[in-house]
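Asker: predicted model and sequence follow; I will ask about them next.
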Amino acid sequence: MKRAILSCIHGNLEAFDAVLLDLERQGAEAIHCLGDLVGYGPYPNEVVERVRSLAIPTVQGCWDEDIVEGLNACECSYPSLLAERRGRLAHRWTDGVLTADNRAFLAQLPESLAVETAAGRLVFVHGSPSSAHEYLLAEMDAFMALERVLGAGADVLFCGHTHIPYARSLDGIQLRTVIAEAPDPQSIPGDAPPVDHTVTVPVRHLINAGSVGEPRHGRPHATYVLFDDESGAVELREVPYAVDKTCAAILERGLPMIFAWRLAKGLDYAERAEDASHVCAR
Amino acid sequence: MGQVQYDPSVLGTGLEGLGPVVAVAGPSGAGKTTWIAAVLEQLAENADGPFRLQGDQAAIAYWTAGAIAVDRTLMQARWPTVTIWDDRHLAEHLLAKSEATPRTPGDGPTVVFLEFGFHLDPMASLPQLERLGGQRVVVLPPDGSLGPWDAWATAQVQGVEMPPEPQPPELLQLDLTGQVFDPLSLDTLWQELLGGAYGTVHRAKAVLNFADGEMFAFDYRRGSETVYRELPLEPCRVGRPDRPSALEVVGQGLNRPDLRLGLEQSALDDDLLMAHQHYLQTDLADGPRGG
C-alpha cells in the first residue's frame, strides 16, 4: 500500500489542498498526519476541519499541544528573542481564533500512532517518541537516532517538526557489550572471563515528512513523503502551490507581514532547530 | 574604507589652506563620510600642525543634518577630540555669522566639516557658504555626473562605485538611543532588512548597543557585504546607555512601522536587560574559570 505522510500544516490551507491533490494523483491509499495543524498560518480552523472531514489519522504536534495546554516550549525551539516574541504573537493569534470544537479535537489527538505492515512496524510521531518538542535532525548522531527508533519499537519511524524532509537508513550498526561477570565465591578470583557479545541491529529507517505549510528548505513549496509499505520505497515529494494566496491571507487576517515574507522565501517563521546534539528538556 | 582618498591638490590647497568651512555633498553611499574621515586621518598624522587633533582643544567640528545621525556617533567614537555639532550648534556658531569664522586657535573650531545628506538641496546653502568661505566638495561615484552640484562645488572627489538607482531614494531614520539589542535577533532582522522584507535597500548604516555592553557600527552598500565594527567606547553594563544610537536606511518603498516593530521585538526589555547585566557582573566578578 502506498501511504502519504504529511506534517506541520500550520494553518496553510492552500498548501494543504495542493498536497491532498498531489497525493491523490500519486495513488496514495492512506494518509497519516504528524501534527501541527495550527500555528502561524491564517486558516487554523479550516485545516483542522479538513483533517476531521477526511478522518486522517493524526498525532498531536507541539503547536497543537501548546494551544491546548498553553505555551511550554523547550529552549530548543527559538533561536533568538525576536523568534520567541514572534512565536508568542502567533500563539496568541491562533489561540484567539480557534473554535472550542477544534480545540477539543486537538486535545484528544494521541502522541503517537502505529501500524503493522509488510515493511514492518510503522510508528508516527511529531517530534520524537520522547517529546513533541524534540527535533530529530538529519545530522543527529546515528546512535541517538537509532535509540529513538528502537525506543519506539519501530522498524520505520516517521517524524516531522524540523520542517526539512529527509530519509535516513540506519544500517550496519553493531552493538557490542562486554560484561565482567561477578565471580563465583567458590572460584579463584580472575578465573571468570568477561562476556563479550556483539549484536548486528537490523536496518531501521528514520523518515522526516518535512512541512506542508511552513517549509524551511529555502523554497516555499510544500513537502511530504510517499511510502510504499510493501517495497519500502520512499519518495520525498515537493509540491508548488499558490503561496501568494496564503501570503495575502496572512496580511488580511492580521498576522505579521514578516510571516508572509518569510513564507515566500521558504524560511522559518520563527522557530528553528540548530543543534543536533541538543536533548529536549521537556 | 572604500576607494576614497584625500588628495590635497583636489582642493587646490594643502592642509594649512583647509577651511574655515569644508562643505561636502554627493549622492547617498558615494563616500562623503569616508572622505571626511580620510582628511581627518591626514590631519591626525600632522599632530603639530595648526589643527591639533590630538590636543586639548577641539580645532575641528563636524556637522551632518538631522536629529538622528549615525555618522555623528561614528565620528564621535573615532575622533573624540572633534566637536560634534547638531543643527542647533550649526545655527548658533556658524550660520548666524556674517563673516568667515576667525581662524585663530582657541577661538572656536578652526575648520568645520559640513556633510550634506543626499536628500538636502545643496543650492539652498550656497549663499551662506559663499559668505563663510572655504571649500565645497562633491563626492561622486566614478561614473557620476555633477548634475545638481555643478553650480555648487568648488572641487570634485571620486568616490565609491555604486549600482544605479532607478528612482529617487527615500530616507528612513530611526532613533534607537537607549535600546539594547539581542545579537541573534538583530542578525535575523538585518538579514530581513537587506533581503527586502521592509522595502528595497540601497544603503543602510547603524550604530547599535548590544546586550554585553558593546556598541557596533553596521555599514551596508547595495552590492557589497555589510561591514561590522566594534566602536572604541566604554562598555555600558549598568542600566541603559545614553549614547546616541540610530539606524538610517536609504531605499524605496521603506516600511517604517514593520521595521520599527522588528527592532522593538529584537530589543531587551527592562527585566531582561537587568537580568543580563546582573549575569555579566557576576561572571566578570568570578573571573576566568580554569579548565
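Answerer: Arrived safely, thanks for sending. Numbers count the residues shown, from 1 in each chain, chains lettered A, B, ... in the order given.

Asker: switch to C-alpha atoms for all contacts and neighbour counts from now on
Answerer: Fine.

Asker: and residue 215, what does it touch?
Answerer: Answering for chain A, as no chain was given. Listed by Cα atoms under 8 Å, 6 or more residues apart in numbering or on different chains, the contact partners of residue A:215 are A:163, A:164, A:221, A:222, A:223, A:263, A:266, A:267, A:268.

Asker: you looked at the wrong chain, it should be chain B
Answerer: So residue B:215 contacts B:207, B:208, B:209, B:230, B:231, B:233, B:235 (Cα under 8 Å, 6+ apart).

Asker: I'd like the distance between it and residue B:276.
Answerer: Residue B:215 is 16 Å from residue B:276, where distance means Cα to Cα, to the nearest Å.

Asker: from the contacts of residue A:215, which ones fall inside strands?
Answerer: Residues of these located in strands (DSSP state E): A:222, A:223.

Asker: out of the contacts of residue A:215, the closest to residue A:27 would be?
Answerer: Distance to residue A:27 across the contacts of residue A:215 (Cα to Cα) is lowest for residue A:223, with 16.5 Å.

Asker: just to revisit the earlier point, the contacts of residue A:215: which ones sit near chain B?
Answerer: Checking the contacts of residue A:215 against chain B by Cα under 8 Å from any Cα of the partner chain, not one of them is in range.

Asker: got a winner among the contacts of residue B:215 for most neighbours?
Answerer: Among the contacts of residue B:215, the one with the most neighbours (other Cα atoms under 10 Å in any protein chain shown) is residue B:209, at 30 neighbours.

Asker: what about the closest residue in space to residue A:38 that isn't next to it in sequence, neighbour count?
Answerer: In space, residue A:38 comes closest to residue A:10 once its chain neighbours are excluded; the distance is 4.2 Å by Cα to Cα, 6 or more residues apart in numbering or on different chains. For residue A:10, the neighbour count with other Cα under 10 Å is 26.

Asker: and the longest helix for the chain?
Answerer: You didn't say which chain, so I picked chain A. Identified as the longest helix of chain A according to DSSP state H is helix A:81-97.

Asker: please go with chain B instead
Answerer: Chain B, longest helix under DSSP H: helix B:270-286.

Asker: list the buried residues of it.
Answerer: By neighbour count on 16 or more other Cα atoms under 10 Å in any protein chain shown, the buried set for helix B:270-286 is B:273, B:274, B:276, B:277, B:280.

Asker: could you find the closest non-adjacent residue to the first one?
Answerer: In other words, residue B:273. residue B:211 (7.2 Å).

Asker: which residues touch that neighbour?
Answerer: So residue B:211 contacts B:180, B:181, B:182, B:183, B:268, B:273, B:276, B:277 (Cα under 8 Å, 6+ apart).

Asker: out of those, what pair is the most spread apart?
Answerer: B:183 and B:277 (14.8 Å).

Asker: the nearest residue to residue B:215 once chain neighbours are set aside sits in which helix or strand?
Answerer: In this structure, residue B:215 finds its nearest non-sequential neighbour in residue B:209, 4.4 Å apart by Cα to Cα, 6+ apart. Following DSSP states H and E, the helix or strand that holds residue B:209 is strand B:200-210.

Asker: can you tell me how far residue A:177 is from residue A:153?
Answerer: Taking Cα to Cα, one finds residue A:177 at 21 Å from residue A:153.

Asker: which one's more surrounded, these two?
Answerer: Each of residue A:177 and residue A:153 has its neighbours counted (other Cα under 10 Å); residue A:153 has more, 15 against 12.

Asker: check which helix or strand the more buried one maps to.
Answerer: Counting by DSSP H and E, residue A:153 is part of no helix or strand.

Asker: ok, residue A:229 - contacts?
Answerer: Applying Cα under 8 Å, 6+ apart, the residues near residue A:229 are A:1, A:2, A:3, A:117, A:118, A:119, A:120.

Asker: just the strands in chain A please.
Answerer: Counting by DSSP E, the strands of chain A are A:2-6, A:30-33, A:112-117, A:120-125, A:156-159, A:166-170, A:173-179, A:195-201, A:204-208, A:222-228, A:234-239.

Asker: low-confidence regions, the stretch 51-200 of chain A specifically.
Answerer: A:72-77, A:181-185, A:187-192 (pLDDT under 70).

Asker: kindly report the residues of it close to chain B.
Answerer: Contact residues, the stretch 51-200 of chain A versus chain B (Cα under 8 Å from any Cα): A:79, A:80, A:81, A:82, A:83, A:85, A:86.

Asker: between those residues, which has the most around it?
Answerer: residue A:82 (27 neighbours).

Asker: span of stretch B:133-143 from start to end?
Answerer: 29 Å.

Asker: for that stretch, give me every contacting residue.
Answerer: With Cα under 8 Å, 6+ apart as the criterion, stretch B:133-143 contacts B:11, B:18-27, B:30-32, B:35, B:100, B:146, B:149, B:152-162.

Asker: quick one: residues contacting residue A:109.
Answerer: Contacts of residue A:109 (Cα under 8 Å, 6+ apart): A:58, A:59, A:60.

Asker: just name the closest of these to residue A:133, please.
Answerer: Distances from residue A:133 to these, taken by Cα to Cα, are shortest for residue A:60, at 10.7 Å.

Asker: I'd assumed residue A:105 was in contact with the closest one.
Answerer: No: between residue A:60 and residue A:105 there is no contact under Cα atoms under 8 Å: 9.8 Å.

Asker: and those two? Which one has more around it.
Answerer: A count of neighbours by other Cα under 10 Å puts residue A:60 above the other of residue A:60 and residue A:105, at 26 against 16.

Asker: how far away is the more buried one from residue B:74?
Answerer: Taking Cα to Cα, one finds residue A:60 at 52 Å from residue B:74.

Asker: kindly report the same for residue A:116.
Answerer: Applying Cα to Cα to residue A:116 and residue B:74 gives a distance of 67 Å.

Asker: got it, and residue A:151?
Answerer: 58 Å.

Asker: residue A:91 contacts residue A:41, correct?
Answerer: No: at 10.4 Å, residue A:91 does not count as touching residue A:41 under the criterion of Cα under 8 Å.

Asker: residues contacting whichever residue of chain A sits closest to chain B?
Answerer: Proximity of chain A to chain B (Cα to the nearest Cα) peaks at residue A:82, 4.9 Å away. Shown in contact with residue A:82 (Cα under 8 Å, 6+ apart): A:270, B:185, B:262, B:265, B:266.

Asker: next: residue B:78.
Answerer: Going by Cα under 8 Å, 6+ apart, the list of residues near residue B:78 reads B:231, B:232.

Asker: who's in contact with the strand holding residue B:209?
Answerer: With Cα under 8 Å, 6+ apart, strand B:200-210 has contacts from B:28-29, B:70, B:73-74, B:176, B:179-183, B:193-194, B:215-222, B:241, B:245-254.
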